[in-house]
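**Student:** Got a sequence here, can you model it:
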Amino acid sequence: MIVDKRLQIKSPVAALKPVGGDRLALAGADGTLRFFKLDPVTLLDGFKTTLDIDPSLYNAADVSHDGRFVAFAVKKEGVAVFSALHKRLVYRFRRHEGDVESVRMGEKRDYLATGGQDGKTFLWSLVTGRMVASLPHHADFVTAIAFSPNGQWIATGGFDRKVLVTNISSLSQSFRLRGHGGAITALRFIGGHRLVAADKSGEIVVWDYFSSKVVKRLRKMLDEVVSFALTPDERFLFAADRSGIVSLYDLENYDMLSLRYLSYARPIRKIAYSSVGNYLVVGLEDGEVTFNSPLKESAKMEEAIDRGDFTEAYALAEENPLLRYSDAYLRLEALWNDAYEAAVKDLEEGRVEEAKQVLEPFYGEGAKRLLAQQLIHDYREFGKFRTAVEHRKYQLAYSLAAQYPMLKQNPLYRKMEKEWENLFAKAKNIVLQNGGEEKVRELLKPFLGIPGKSLLIRTLLAEKEVYKLFMKLVAKKDYKSAVELARRYPAIRELEEYKKVERIADAIAQQAQAKLKEGDYAEAARLADRLREFPDKKELAEEIREEANLYASAMRYFAEKNYAAVYRILEQFPRLEETKIVRNLETAWQKVVERGEVYASRGDIAGLKKVFRPFMKIEMKRLKIAALFKQAYIEQIERLPEEQREEAVRRYLDLFGLDDEIGSWLMDHGLAGRYEEIPPRDAIHIDFESLPESVV
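**Tutor:** The predicted structure is shown next:
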């Protein structure tokens, strides 16, 4: 692996994050922050704080996506947020009972999430500096947090081995993911409503969080997983563990491409991938940071190819599997294909030594060497195979091909197969005629006794009435009956006509899914109805039709401005969030929320009522609205003289009960336990319009 830059800081690396396009932020466990320009790597700016940070925590620092803020969890002092531009403290967040274990900045919105030893996760606004929500609890320390790229979801993981995924736009949707064998240590959202979660045992699980189901359990790492990084296209996942290993996974097929993609003698703290310069940045326990350039090795591969050293070229790809997707590797494989074809021609003419000479440069790559050896071994019988084909002694030819599989790639084998297809097509017409059986036997005589083909011939002769019926059903496009007939007579499935039926079903399914994606829901539903004619596709057809109907209903409600109905559908079917109308609706809602958060930070109840009035009847939004009303009242309490606070707190408890919001405020002010346990009120029962303007 080419290391483009290596540097050393004086503390363990606490956070690594590409920010603002062409920069990388590096936070140290000693409270330092540095910004580097990428490609080439040069130090731009930085500053140092005097915070007391616990270096044993792996997720106790983060930098905002634009590089404006940096947050550190501080021992016994909550979270400190600094303005990176002005190099000064801007916020102190203290609401947790016990220390903060994990912090994370939002991907799109100016939110900070803090996870504590109390099992609670609080959401803070970096615009107002106030808490805006309390998220579902864990039974133990909250050890990892992640925001989704679209800003709609947050995932939290804890020592309780659970992952909670919550919709932060509404607070009304939450999914619990259970199935890990250790405390959750790293989380990362990826496309297709999937979440990658890792734990202390080294296990990595890909979840579909909408269904709360495991998509795939990836091959385990050797130690506790501490950090994830993704390539920009989300095709490849890098995972780092405490033993000093970075592993590489392909998220298209969920294969581990390399267990030891990178290996260090010291524990790894953080990794990050930057699209600028294509750096895989690794930060270590001892403060060393390496800027690795996995794709720059393609130049070395090109050089090896130019000098004909294919062994080195393949060794580079073996060491760095990402190179298999480079132009250099495509060129290398093209050279192999040319050599392979030339060797086949030599072997067909009996020039064995010449074939070996052509293939020899590729012997350094294990798989290619085995393939070349197999080719040379199998083509020893090519002369006998060619004679058998030319004299239509197909039983011998197929027997040789079965013994020497490389012969199946020869054009002569394909010629035999083509003749079989043509003759069998004729036989299917002849057998339907009176007395056609004898003609079929004579026509297909060269293929009698050949495994697989004999079965089809016997089926054609013995069950010609069944075949005749099947052909009629296909001609009438009665695919349902045709498939059901094939189920009763499995040999029919070997017929080309049946395979055509399968291809028709696949084509309809693809068209229906494409129409769904395009937003043509009526056509998608119509195609789904056609797909139901194929029994094997019935379940898929039902799914497509249900989704098309949902989308169509959502569009109709949206056009009617019946947003409550749209949100009711969305709550039941979260995948609808990916549709254009819901994205538009959520964009508008988020603007309302941002205004509401400002009103809440001022304690302005009247302002909140005004901005949220059109949404108060929408059940899915009531939790979010209630959270901001609560914060507004807490802001009022905060500003009161101490002698008036007790009455105000009791008024708050009358309105909402003893909830997380007031409970965390009381704890922060040393007042926990002074008030009776009043169960929190459900947001559904709160009449927002009747709430008082003030708690005093």
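**Student:** buried ones in stretch 303-312?
**Tutor:** 304-305, 310, 312 (16 or more other Cβ atoms under 10 Å). No exception for glycine: its C-beta is placed from N, CA and C like everyone else's.
**Student:** Quick check: the farthest pair among the residues you listed?
**Tutor:** For those, the maximum inter-member distance is 9.0 Å, found between 305 and 312 (Cβ to Cβ).
**Student:** For residue 227, which three-state class applies?
**Tutor:** Classification of residue 227 by DSSP: H, G, I helix; E, B strand; the rest coil places it in strand.
**Student:** my read: it touches residue 273, true?
**Tutor:** No. Residue 227 is not in contact with residue 273 according to Cβ atoms under 8 Å; the separation is 10.9 Å.
**Student:** Dihedrals phi and psi, the closest residue to residue 286 other than its chain neighbours?
**Tutor:** Nearest non-adjacent residue to residue 286, counting by Cβ to Cβ, 6 or more residues apart in numbering: residue 266, 5.2 Å away. Residue 266 has phi and psi values of phi -120, psi 160 when expressed as degrees, to the nearest 10.
**Student:** any idea how far residue 34 is from residue 266?
**Tutor:** Distance of residue 266 to residue 34, given as Cβ to Cβ, to the nearest Å: 20 Å.
**Student:** what's the answer for residue 478, then?
**Tutor:** For residue 478 relative to residue 34 (Cβ to Cβ), the value is 71 Å.
**Student:** The two: which is more packed in?
**Tutor:** Between residue 478 and residue 34, counted using other Cβ atoms under 10 Å, residue 34 has the larger neighbour count: 18 against 14.
**Student:** Find the helix or strand that that one is a member of.
**Tutor:** For residue 34, the host element (DSSP states H and E) is strand 32-37.
**Student:** For that strand, which strands pair with it and how are they oriented?
**Tutor:** strand 23-28 (antiparallel), strand 42-48 (antiparallel) (DSSP bridges).
**Student:** Could you check how far the residue of the chain positioned farthest from its centre is from residue 464?
**Tutor:** Here the centre of the chain is the reference, and by Cα atoms, centre = their mean the most remote residue is residue 435, at 60.5 Å. For residue 435, the distance to residue 464 equals 12 Å [Cβ to Cβ].
**Student:** what's the answer for residue 611, then?
**Tutor:** Counting by Cβ to Cβ, the gap from residue 611 to residue 464 is 76 Å.
**Student:** And residue 182, by the same measure?
**Tutor:** Distance, residue 182 to residue 464, by Cβ to Cβ: 63 Å.
**Student:** cool, and residue 390?
**Tutor:** Counting by Cβ to Cβ, the separation of residue 390 from residue 464 is 33 Å.
**Student:** Can you pick out the residue with more neighbours from these two?
**Tutor:** Taking other Cβ under 10 Å, residue 390 and residue 464 do not tie; residue 464 has more neighbours (16 against 11).
**Student:** Phi first, then psi, for the most centrally placed residue in the chain.
**Tutor:** Nearest residue to the geometric centre of the chain (Cα atoms, centre = their mean): residue 190, 3.4 Å. Backbone dihedrals for residue 190, given as degrees, to the nearest 10, come out at phi -130, psi 170.
**Student:** same question, residue 531
**Tutor:** Per-residue torsions, residue 531: phi -70, psi -30 (degrees, to the nearest 10).
**Student:** ok, residue 227 and residue 273, which is more surrounded?
**Tutor:** More crowded of residue 227 and residue 273, by other Cβ under 10 Å: residue 227, with 25 against 20.
**Student:** what residues are up against the more buried one?
**Tutor:** Shown in contact with residue 227 (Cβ atoms under 8 Å, 6 or more residues apart in numbering): 58, 186, 239-240, 268-271.
**Student:** mind redoing it with 6 Å?
**Tutor:** 186, 240, 270-271 (Cβ atoms under 6 Å, 6 or more residues apart in numbering).
**Student:** Checking residue 301 next. Helix, strand or coil?
**Tutor:** Following three-state DSSP, the label given to residue 301 is helix.
**Student:** What residues does it make contact with?
**Tutor:** Going by Cβ under 6 Å, 6+ apart, residue 301 touches 313, 316, 328.
**Student:** Where does pLDDT dip in this structure?
**Tutor:** Scanning the chain for pLDDT under 70 picks out 432, 434, 463, 491.
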